[in-house]
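In: Return a 3D structure for these sequence lines:
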Amino acid sequence: MNKIIKIVGLVLILGVASCSEEITPEPFTFSKFFTGENSKTWKVTLFEETLNGKVVDRFTIGCVNDDRYIFFANPERRTEFRAGSSRCFDPAEPALIIDSWSYQSGTATLTMLLPIFADVSLPFIVKEINDDDMELEIFFEGNTGSYRVHFDAIDED
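Out: Numbers count the residues shown, from 1 in each chain. Okay, here's the model as predicted:
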């Protein structure tokens, strides 16, 4: 009799569990801070140099102020670097560079191209991000110094 009660109880539990609401996972939305719904354009507003975690200098670089960084919300995670009329290098960097971006949430690392630092994508730590502002940091000199790059969003499609 005890066995029958256990079997009936198990059947009832399984029946209730199978009738419960279906769980539907929500798509990952954090990346929309970078891309908006379709694409988002960013511009560099300020650089900070740090040493041992303290800001030692704040500056702008004139040839970077009119550059644009466009992040797309497509599966390829395309980025476009569009150089403004002020160029930083001689010979000048290309007016358009198409690349891709990636974000690793476990390390808060955004890998992207920032031509003022290198002609390849580099891993930046995302210090802060919201719909309008982004602060990235990249370390150098044995991780005792860094550059922090501040961005403003300028439009969203």
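In: For the nearest residue to residue 57 once chain neighbours are set aside, give the beta-bridge partners.
Out: In space, and not counting its chain neighbours, residue 57 is closest to residue 49: 4.3 Å by C-beta to C-beta, 6 or more residues apart in numbering. Quick note: C-beta positions are derived from backbone N, CA and C, even for glycine. In this entry, residue 49 is beta-bridged to residue 57, residue 147, by DSSP bridges.
In: show me the contacts for residue 49.
Out: Residues near residue 49 by C-beta atoms under 8 Å, 6 or more residues apart in numbering: 55, 56, 57, 58, 59, 145, 146, 147, 148.
In: Any figure for the gap between residue 36 and residue 120?
Out: 25 Å (C-beta to C-beta, to the nearest Å).
In: Compare these two and say which is more crowded by neighbours.
Out: residue 36 (18 against 10; other C-beta atoms under 10 Å).
In: mind exporting stretch 119-139 as CSV, just the C-alpha atoms?
Out: Output in CSV follows, covering the C-alpha atoms of stretch 119-139 (Å, rounded to 0.1, in the frame of the first residue of the first chain):
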residue,chain,number,x,y,z
ASP,A,119,46.4,48.5,-36.1
VAL,A,120,44.9,45.3,-34.6
SER,A,121,42.0,44.8,-32.1
LEU,A,122,43.0,45.1,-28.5
PRO,A,123,41.3,43.9,-25.2
PHE,A,124,40.0,46.8,-23.2
ILE,A,125,38.4,46.4,-19.8
VAL,A,126,34.9,48.0,-19.6
LYS,A,127,35.1,50.2,-16.6
GLU,A,128,31.6,51.8,-17.1
ILE,A,129,29.0,51.8,-19.8
ASN,A,130,25.4,53.1,-20.1
ASP,A,131,23.3,54.2,-23.1
ASP,A,132,25.3,57.4,-23.6
ASP,A,133,28.8,57.0,-22.1
MET,A,134,31.5,54.3,-22.1
GLU,A,135,34.9,54.2,-20.3
LEU,A,136,37.4,51.6,-21.4
GLU,A,137,40.8,50.8,-19.9
ILE,A,138,43.9,49.2,-21.3
PHE,A,139,47.0,48.4,-19.1
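In: can you give me the mean pLDDT across it?
Out: Averaging pLDDT along stretch 119-139 gives 95.
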